[in-house]
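Student: quick one: sequence and predicted model below, then my questions.
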Amino acid sequence: MTPLAPAHLQWDGDQPRAVAYEDRYFSAQDPRGEVRTVFVEANRLPERFANARRFAIGETGFGTGLNFCLTLETWREHAPPDAFLSYLSAEAHPLAPSDLSRALRAQGIAGADIGTLLAQYPPLLSGLHRIHFPADRVVLSLVYGDAAPALARVQGRVDAWFLDGFAPSRNPALWNLAVFRQLGRLSGRGTTLGTFTSAGQVRRDLEEVGFALQRVPGFADKRERLIGVFPQGQPPAARPERVAVIGAGIAGLAAACALRERGLNPTLFDPHGAGNRASGNPAALLTPHLSAGDTLRNALSLSGMRATQALLGTTGVNSSDRIVLARGVEHRGITRHAARRLGHLAASDPGLAGGLFAVRSDDPELPVIFYPDALGIDLGQYCRHLGAKLQLRHRQVQTVQARADGVTVHAGEGSETFDAVVIATGAGEAGLVTGQPRPSVVGGQMTRIRTPLTALGDFALTGKGYCLPERDGQYWLGATYRRDAGSAGVRHADNAENLSALRWVDPALEDTAAVEVTGAWYGQRAVFPDRLPMVGAMPGPTVTDGDPLPRIFLNLGYGSRGLLYAAVGAQLLADRLCGLPEPLPDTLAQLFSPARFEAGEHRGR
Ligand SMILES: Cc1cc2nc3c(=O)[nH]c(=O)nc-3n(C[C@H](O)[C@H](O)[C@H](O)COP(=O)(O)OP(=O)(O)OC[C@H]3O[C@@H](n4cnc5c(N)ncnc54)[C@H](O)[C@@H]3O)c2cc1C
Ligand SMILES: C[S@@+](CC[C@H](N)C(=O)[O-])C[C@H]1O[C@@H](n2cnc3c(N)ncnc32)[C@H](O)[C@@H]1O
């Protein structure tokens, strides 16, 4: 995550020009006509959308977002109601929100679309940032940074390209073999492209990476332009149609939601129903996990926070659901270790972490950080909310078996074969498939109290343990760590441990004997050694040779951070399963790789 220089614009009326490139963002005479001819119709989008289940567009140069917004209009007009569009766009110099809004309004783009774009507009940092248009089943992935290296980090497949990056003579950085090789890598048989230019060097270089091109009459004052098709590689995968998700905790539910968004109708298996194991947690925190200088983990936190916020939005969480218990989390450097870590963070630039934190005190003895977008959530309630919209079978799965024609799920007396299976069983006892990596199990308990705490607002506190306001003057304190998973269940000793550990929160907690305990909750975390989940194809021989897509996926080991990582893990998993552009750059996706602890580890799919 490195800071980007924003676009510097000059306005001719409502026409934006890029000062650095001395060029216009779109045609002065007929911007809508240009987009329609040069990109939308050049790629035959109306007819391809009409027949699409899932479709992916790639663009070089997001600019004002006009191409995107007009594609969205075309999508609405032609695509079937359950089809899914993934739009990937590279941009080195994002527009300021006010410039973007002005340019789009002048072209008659609907205020609601501009509003959705701006409400999720990413910080000015390199990397992949997603914006969701849930009502249309569209995700926009902005790849911020210089196109060649930025696109090199993207995994997935694109069906149609828009090449739109100022005149090649003014901007060779976007029209060269390094960029085009990435387009070729992300293309498959039948991928098309459209562009306004027909410059000889562009033509030769696109042909060199494998595109077959045709010169066609240009738009407005341009004599010719190019359309093209990629004749090599795999055609788009028809599968999967039938997908099973095993486990209805937040990991399985978020994965099922992401699959549904992509037009699939996954079958969930869980004998206990939605959110009844670790995800039954009545008071969990969504906080970023930040360290000064650890740009990879900080980038993962930014993606995780944005994905969870988007999932809450797309799944219709509102204030009446009583799912969100607190907004904002204050982190105090109570322990020596936390003081050191937060002290370093307080001395760093919040902008480099996407504004995920603000410094409330840089006192080295007691640094205090505030996470404005963090939330306190009744996770159990949220899971039940998600589960209500999904197809759930109350059955325990015994084994999962890969076969030539699919994956068989054995549950109770019956068995059923699916195209793909996602194992999201958390700390569930047995491995369901031979060789399945097993997380260790760490139990933990939360304690509910009814004692007026004057030091707390409507935000939550963390430092040594955490304290979260519930409702009706009650608070949750937590959590303990119990490695002896044999001693499952609520214990009096754990309540005492929580009360003692959280005295720092408020003077009213000094006298632990005087605190009224009104409840407790116990759950089991599933933890891998680096405390990151496994999201991706089951490593090893279950992936059939020659099969374009793997069939058994793992989605487990979320440790203490299910709320931070499950939503982005779900997006990653669903996109990988469908062969769509992924939400994380490969450098971050590798941190979730199920193969990462294996000797001679093979990374990637
Ligand atoms: C005390 C405590 C405090 C925590 N605090 C936080 C916090 O503040 N913030 C945060 O983000 N996270 C927190 N966590 C962690 C969070 O709860 C987990 O990361 C998250 O719930 C894991 O979700 P999951 O879906 O992977 O697992 P689970 O919720 O455990 O779901 C797995 C599901 O799989 C099902 N299953 C298992 N085996 C089978 C099978 N064979 N067939 C069918 N179904 C099966 C189970 O019934 C279960 O429903 C806390 C956890 C604990 C224990
Ligand atoms: C002509 S504009 C794109 C117009 C845009 N498609 C729209 O709908 O408004 C070209 C864009 O390419 C971006 N750009 C230029 N060089 C780039 C590079 N090397 N990598 C990524 N983006 C680049 C510019 O910042 C600019 O926003």
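Tutor: Looks like it arrived, so ask away. Predicted, not measured: the structure shown is a model, and the values here were computed from it. Residues are numbered from 1 along each chain as shown. Ligands and ions are numbered 1, 2, ... in the order given.
Student: how many neighbours does Ser187 have?
Tutor: Neighbouring residues of Ser187 were enumerated by other C-beta atoms under 10 Å; the total is 26. C-beta coordinates here come from the backbone N, C-alpha and C atoms, glycine included.
Student: how about the residue nearest to it when sequence neighbours are not counted, phi and psi?
Tutor: Take Ser187 and drop its neighbours on the chain: the residue closest to it by C-beta to C-beta, 6 or more residues apart in numbering is Phe230, 4.1 Å away. Backbone dihedrals for Phe230, given as degrees, to the nearest 10, come out at phi -100, psi 110.
Student: now do the contacts for Phe230.
Tutor: Contacts for Phe230 (C-beta atoms under 8 Å, 6 or more residues apart in numbering) come out as Gly184, Ser187, Gly188, Arg189, Gly190, Thr191, Thr192, Leu193, Gly210, Phe211, Ala212.
Student: can you tell me how far it sits from Val441?
Tutor: When C-beta to C-beta, to the nearest Å is applied, the distance between Phe230 and Val441 equals 47 Å.
Student: next one: Ala199
Tutor: Counting by C-beta to C-beta, the separation of Ala199 from Val441 is 60 Å.
Student: those two: which is more packed in?
Tutor: Taking neighbours as other C-beta under 10 Å, Ala199 and Val441 compare with Val441 leading, 20 against 15.
Student: show me what from this protein comes close to ligand 2.
Tutor: Taking C-beta under 6 Å from any ligand atom as the criterion, the chain approaches ligand 2 at residues 7, 25-26, 61-67, 90-93, 146-147, 164-166, 171, 173-174.
Student: among these, name the buried ones.
Tutor: Applying a neighbour-count criterion of 16 or more other C-beta atoms under 10 Å, the buried members of the residues of the chain next to ligand 2 are 7, 25-26, 61-67, 90-93, 146-147, 164-166, 171, 174.
Student: and stretch 321-338, how far out from the chain middle?
Tutor: Distance, stretch centre to chain centre, for stretch 321-338: 22 Å (C-alpha atoms, centre = their mean, to the nearest Å).
Student: right, I mislabeled it, should have said stretch 443-463
Tutor: Between the mean C-alpha point of stretch 443-463 and the mean C-alpha point of its chain there is a distance of 29 Å (C-alpha atoms, centre = their mean).
Student: Thr335 reaches Thr462, doesn't it?
Tutor: No. With contact taken as C-beta atoms under 8 Å, Thr335 and Thr462 are classed as non-touching, separated by 11.3 Å.
Student: more crowded one of these two?
Tutor: Between Thr335 and Thr462, counted using other C-beta under 10 Å, Thr462 has the larger neighbour count: 21 against 13.
Student: report the contact partners of the more buried one.
Tutor: Contacts here follow C-beta under 8 Å, 6+ apart; on that basis Thr462 touches Leu285, Thr287, Val329, Glu330, His331, Arg332.
Student: hang on, the earlier thing: so which of the buried ones among the residues of the chain next to ligand 2 belong to helices?
Tutor: Secondary structure assignment by DSSP state H places Leu66, Asn67, Ala147 of those in helices.
Student: which member of the residues you listed is positioned nearest Thr425?
Tutor: Comparing these against Thr425 with C-beta to C-beta picks out Ala147 as the nearest, at 40.1 Å.
Student: which residues does the nearest residue to Pro31 once chain neighbours are set aside contact?
Tutor: Using C-beta to C-beta, 6+ apart and skipping residues adjacent in sequence, the residue nearest Pro31 is Gln107, 5.7 Å away. With contact set as C-beta under 8 Å, 6+ apart, Gln107 has these partners: Pro31, Arg32, Leu66, Cys69.
Student: am I right that the first one is in contact with Leu66?
Tutor: Yes. Counting by C-beta under 8 Å, Pro31 touches Leu66, with 6.2 Å between them.
Student: please type out the PyMOL selection for whichever of the contacts of Phe230 turn out to be buried.
Tutor: Buried residues among the contacts of Phe230 (16+ other C-beta under 10 Å), as a PyMOL selection:
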select buried, resi 184+187+188+190+191+192+193+210+211
